[in-house]
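Pasting the sequence and the predicted coordinates here, then a few questions.
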Amino acid sequence: MRRATTARAAVIASAVLLGTAFAAPAMAAAPAAHHSTVKPAYACSSTPGSGDAVTQWNPVVSCVLGMLGQPASTELINDVDIVILHESSGDPNAVNNWDENAQEGHPSTGLVQVIQPTFDAYKSADLADNLFDPAANIFAGMNYAINRYGSIQNIPGVVAVNNGGTYVGYVVPRS
């Protein structure tokens, strides 16, 4: 056990020295009978940092990207910022009550405008079970995007803006 711990410490030290993100292994869930109030090591704070309405969320975005196994690179943070800017203007309490989702009883909500069924399917058990919680909202939205589009960089709106075009909202297939 000592050798594994030393090897893990060396990997962490190397990652820190190289300035790369290090993703700790997921913690096992506590037994149902144990009601621990301690959040797992990955729980991200939803407290904004400094910056404008969008960039104040970058510390939260960076933490969420780590939880998703994504690099917290400037480029990827900027891609998430594109989504936040165009979906909510940085307002974690934003609710879209006018589109097709809202008409079907599932208004898009929060920083990246996630609907409740998507949140329920893509949320993290290590974060708040609250659609309005910034970290939980970003996690569910970006987890959905990675699964739906293959990566955050492939979100249609991100592709459009990064190629000089106009933001395109999420594309939801209809049957």
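Ah, there it is.

all strands of this protein, in order?
Along the chain, counting by DSSP state E, strands occupy 95-96, 108-109.

do you know how far the spatially most central residue of the chain is from V168?
Centroid-nearest residue in the chain, with Cα atoms, centre = their mean: F139, separated by 2.7 Å. Per Cβ to Cβ, to the nearest Å, F139 is found 22 Å from V168. C-beta coordinates here come from the backbone N, C-alpha and C atoms, glycine included.

re earlier: out of the strands of the chain, which one sits most buried?
strand 108-109 (a mean of 24; mean count of other Cβ atoms under 10 Å).

Can you give the distance from that strand to the centre of its chain?
15 Å (Cα atoms, centre = their mean, to the nearest Å).

Could you pull up the mean pLDDT of that strand?
The pLDDT scores in strand 108-109 average 96.

Need the residues that contact it.
87, 94-96, 99, 101-102, 114-116, 119, 131-132, 137 (Cβ atoms under 8 Å, 6 or more residues apart in numbering).

One more: stretch 93-107?
Residues contacting stretch 93-107 (Cβ under 8 Å, 6+ apart): 87-88, 108-111, 113, 115-117, 132, 172.

now for those, which pair is the farthest apart?
F132 and V172 (20.8 Å; Cβ to Cβ).

ChimeraX command to pick out the buried ones of the contacts of strand 108-109?
In ChimeraX, a selection of the buried entries from those looks like this (16 or more other Cβ atoms under 10 Å):
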select :87,94,96,101,114,115,119,131,132,137
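
Now tabulate the contacts of strand 108-109 in CSV and tack on pLDDT and distance to A145.
Output for the contacts of strand 108-109, formatted as CSV (pLDDT from 0 to 100; distance: Cβ to Cβ, whole Å):
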residue, pLDDT, distance to A145
E87, 97, 11
A94, 98, 18
V95, 98, 20
N96, 95, 17
D99, 90, 18
N101, 92, 16
A102, 93, 20
V114, 97, 10
I115, 97, 13
Q116, 97, 17
F119, 98, 13
L131, 96, 16
F132, 98, 19
N137, 98, 12
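
Pick out the most distant pair among the contacts of strand 108-109.
D99 and F132 (18.0 Å).

What is the neighbour count of the residue nearest to A43 when sequence neighbours are not counted?
Spatial nearest neighbour of A43, chain neighbours left out: D126 (5.3 Å); criterion: Cβ to Cβ, 6 or more residues apart in numbering. Using other Cβ atoms under 10 Å, D126 has 18 other residues around it.

can I assume D126 is in contact with L68?
No - applying Cβ atoms under 8 Å as the test, D126 and L68 come out as separate, 11.4 Å apart.

Below-threshold pLDDT in this protein: ranges please.
1-42, 171-175 (pLDDT under 70).

can you give me the helices for it?
In the chain, the segments counted as helices under DSSP state H are 2-18, 58-67, 74-88, 100-103, 116-122, 134-149, 156-162.
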